[in-house]
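[1] need a structure here:
(2 chains)
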Amino acid sequence: MAGGKRTTARHQHNHPPPPPPNPSPNRGRGVADPPPASDDSPSSKRMLAFHFLRALARIHSTTPAPRRPRTIRRAAYSSMARAASPRRAWTQALLLRRARSRGVAVVGSSRRAVLLRRRVSASAPPPMLRASAGATSAAAPPVQGPPPRQAGEPARADALRRIVPGGAGMEYCSLLDETADYVLHLRAQVQLMQSLVDLFSPPNPTSN
Amino acid sequence: MSSRRPSSRGNISEDEINELISKLQALLPSSRRRGSGQASTTKLLKETCSYIKSLHREVDDLSDRLSDLMATMDHNSPGAEIIRSILRS
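    The predicted model follows:
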């Protein structure tokens, strides 16, 4: 990772907000359109690192040790979803899952539960998009199970629908597109976590 | 801009699917082209499923390792300072 610049004046709350990720590529279906730019851009990686490091700092301060592995894993997927395009079905599925799990956690507090329920309904996908299976929020259209298999669709596509977030309700074409984007961000998250492990590991005396 | 147009059965062009499959193939670690066709696509999707599952397992393993490393870090360690400097920049 590139070293951050050092400033003599320390303004703890004056750091500039991270640059937003690149806008989502144009989805025009013209044959002459060039393929959309990869979302694996440096700004997207910085956004990913920002979200995940902020979550790690919070976990380090507030989460008890036995709960940290699970909380870190959840933070990894949430950071991925936040760094990616919000219009992606897999990001909506992950963030919706996150919001609903939080809603269950604070069921004791009625006021916060009401606010979280509103947030859940607010974060539901627009009616134009297919809702993911299992997402039973009131604002989402009713899910009628996966669409019928199209002619020429391989049998392995159903297995892919099960492991890609939000994939259960996708058409074959959308499934391929979402899978590619999901793999791209999942790989970037793994690379980020690996570099953090290398960074925080105690120095080995035998290494150069 | 164009919203996600609902595509009916048989309306998806073959070229579009092939383009998406090529894009997906480029992301796999061992991408070896073995011609086009139904069997090749089935194999590609199988490899994609395996790759995603392996990435999921790596996230689980790395979460455990980060948790262990976090237990050894106090607020004055170089790692914590690095995090603070990154968040500050």
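[2] So which elements touch the longest helix belonging to chain B?
    The longest helix of chain B (DSSP state H) is helix B:38-71. The contact analysis (3 or more C-beta pairs under 8 Å, 6 or more residues apart in numbering or on different chains; DSSP states H and E) places helix B:38-71 against helix A:42-62, helix A:68-83, helix A:157-163, helix A:172-200, helix B:14-27. All C-beta atoms are positioned from the backbone trio N, CA, C, and that covers glycine.
[3] change it to 10 Å
    helix A:42-62, helix A:68-83, helix A:157-163, helix A:172-200, helix B:14-27, helix B:78-88 (3 or more C-beta pairs under 10 Å, 6 or more residues apart in numbering or on different chains; DSSP states H and E).
[4] where does chain B have low pLDDT?
    B:1-12, B:31-38, B:74-80, B:86-89 (pLDDT under 70).
[5] what do you get for chain A?
    Using pLDDT under 70, the flagged stretches of chain A are A:1-40, A:104-152, A:204-208.
[6] Apply 50 and report the result again.
    Along chain A, segments meeting pLDDT under 50 span A:1-37, A:106-143, A:207-208.
[7] Is any residue of stretch A:157-174 near chain B?
    Yes - counting by C-beta under 10 Å from any C-beta of the partner chain, contacts between stretch A:157-174 and chain B involve A:157-160, A:162-164, A:171-174.
[8] What number of neighbouring residues does residue A:197 come out with?
    15 (other C-beta atoms under 10 Å in any protein chain shown).
[9] Residue A:72 is in contact with that one, correct?
    No - between residue A:197 and residue A:72 there is no contact, the gap being 11.2 Å when judged by C-beta atoms under 10 Å.
[10] Quick check: neighbours shared by the two?
    Contact criterion C-beta atoms under 10 Å, 6 or more residues apart in numbering or on different chains; residues shared by residue A:197 and residue A:72: B:62, B:65-66.
[11] closest to residue A:201 among the residues of stretch A:157-174 next to chain B?
    residue A:163 (30.1 Å; C-beta to C-beta).
[12] what number of residues lie near the closest one?
    15.
[13] next one: residue A:173
    Neighbours of residue A:173 (other C-beta under 10 Å): 17.
[14] right, and it touches residue B:18 too?
    No - using C-beta under 10 Å, residue A:173 makes no contact with residue B:18, being 11.1 Å away.
[15] Quick check: buried residues in the longest helix of chain B?
    B:41, B:44-45, B:47-49, B:51-52, B:55, B:58-59, B:61-63, B:65-67, B:69-70 (16 or more other C-beta atoms under 10 Å in any protein chain shown).
[16] Span of stretch A:74-93 from start to end?
    13 Å (C-alpha to C-alpha, to the nearest Å).
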